[in-house]
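*Asks:* sequence and computational prediction follow.
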Amino acid sequence: METQQQHSERKRAWLQDAKETGLLAARKNFLAGVALWIFGTTIVVSYYNWPSARGIFDHISELKIAWGFFFSILSTAIFGGLIPSLITAISNGFSFSRNVYLTLTNVGLWGLKGIELDLLYRGQAYVFGADNQISTITFKTLFDQLIYVPLIGLTNVILFVLWRDLNFSCRRFRAALGPNWYANRILPVIISNWFLWVPAVVLIYSLPTSLQLPIQNLVLVFWNLILFFFTTRRN
């Protein structure tokens, strides 16, 4: 029987492996992350300093307010599901039927994520405020990255993709997870996400609430594009 000390040592080993894997992924995609930060900074600076750009963003904001959750579902399904699926199809060259299957499931997943993200941004505006003060941005970023992302934001995406890859078999899904599934599958991605996405999240929360989801979607699709670019170059 495993002693308490052996269990603690094994747990520390799992956490160390997760940290090393996450940091390796962050280092591997560091240049892509820099491009992401520059892109996000350009959007924020343009919004607050370039009247022509602000007019475009204000129009998007008006559409978001007018369409409500329909805008969230549609835009997130396109930018989070459809476009990345097309990028994956170009990159990996799956069969037509496989590409259609992946695209449909990704669009469905990210359409639902649009509602989830919209509720996140609205809820945080209600709790922490809708201004762009440093304290407000800090609270929102901490809640986003330390509570929402580990519990829901990344976790449900990773688990859904695994379940889908196992043809939605609950039995195979439970077997594939294993006893320490969070440290093995989720934690490395979260650690990598912290290093690459925290600056982008700060920039997103510096914008008005009605623009946070549209800009998040724009940053998300840009992230997929630059990952595709850097991956292609490495290959």
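*Replies:* Perfect, thanks for sending it. Numbering: from 1, shown residues only.
*Asks:* next SSE after the one helix or strand in the chain whose mean pLDDT sits lowest?
*Replies:* Ranking every helix and strand in the chain by mean pLDDT, DSSP states H and E puts helix 4-28 at the bottom, with a mean of 63. Later in the chain than helix 4-28, the nearest helix or strand by DSSP states H and E is helix 30-49.
*Asks:* what packs against that following helix?
*Replies:* Identification of packing neighbours for helix 30-49 by 3 or more Cβ pairs under 8 Å, 6 or more residues apart in numbering; DSSP states H and E yields helix 51-67, helix 187-205, helix 209-234. The way it works is simple: take the backbone N, C-alpha and C, and place the C-beta from them, glycine included.
*Asks:* so it versus helix 187-205, what angle?
*Replies:* Counting by axes from the mean of the first three to the mean of the last three Cα atoms, to 10 degrees, helix 30-49 points 20 degrees away from the direction of helix 187-205.
*Asks:* and the angle from helix 30-49 to helix 51-67?
*Replies:* 90 degrees.
*Asks:* got the buried residues for helix 30-49?
*Replies:* Within helix 30-49, the residues scored as buried using 16 or more other Cβ atoms under 10 Å are 32, 33, 35, 36, 37, 39, 40, 43, 44, 47.
*Asks:* could you redo the residues you listed as CSV and give each row distance to residue 187 and pLDDT?
*Replies:* CSV is the format used below for the buried residues of helix 30-49 (distance: Cβ to Cβ, whole Å; pLDDT from 0 to 100):
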residue, distance to residue 187, pLDDT
32, 21, 74
33, 19, 76
35, 25, 82
36, 21, 82
37, 23, 86
39, 27, 86
40, 25, 88
43, 30, 92
44, 30, 93
47, 34, 93
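*Asks:* now, the most widely separated pair of those?
*Replies:* Farthest pair in these (Cβ to Cβ) is 32 and 47. Separation: 23.1 Å.
*Asks:* tell me which residues of the helix or strand hosting residue 140 come out buried.
*Replies:* Element membership for residue 140, per DSSP H and E: helix 134-143. Within helix 134-143, the residues that count as buried by 16+ other Cβ under 10 Å are 136, 137, 139, 140, 141, 143.
*Asks:* give me the number of residues near residue 187?
*Replies:* 22 (other Cβ atoms under 10 Å).
*Asks:* distance from the lengthiest helix in the chain to the middle of the chain?
*Replies:* Identified as the longest helix of the chain according to DSSP state H is helix 96-128. Between the centre of helix 96-128 and the centre of its chain there are 10 Å (Cα atoms, centre = their mean, to the nearest Å).
*Asks:* which SS state does residue 207 fall under?
*Replies:* Following DSSP: H, G, I helix; E, B strand; the rest coil, residue 207 is assigned to coil.
*Asks:* contacts only, for the nearest residue to it once chain neighbours are set aside.
*Replies:* Once flanking residues are discounted, residue 207 sits nearest to residue 215: 5.8 Å by Cβ to Cβ, 6 or more residues apart in numbering. Counting by Cβ atoms under 8 Å, 6 or more residues apart in numbering, residue 215 makes contact with 40, 43, 204, 207.
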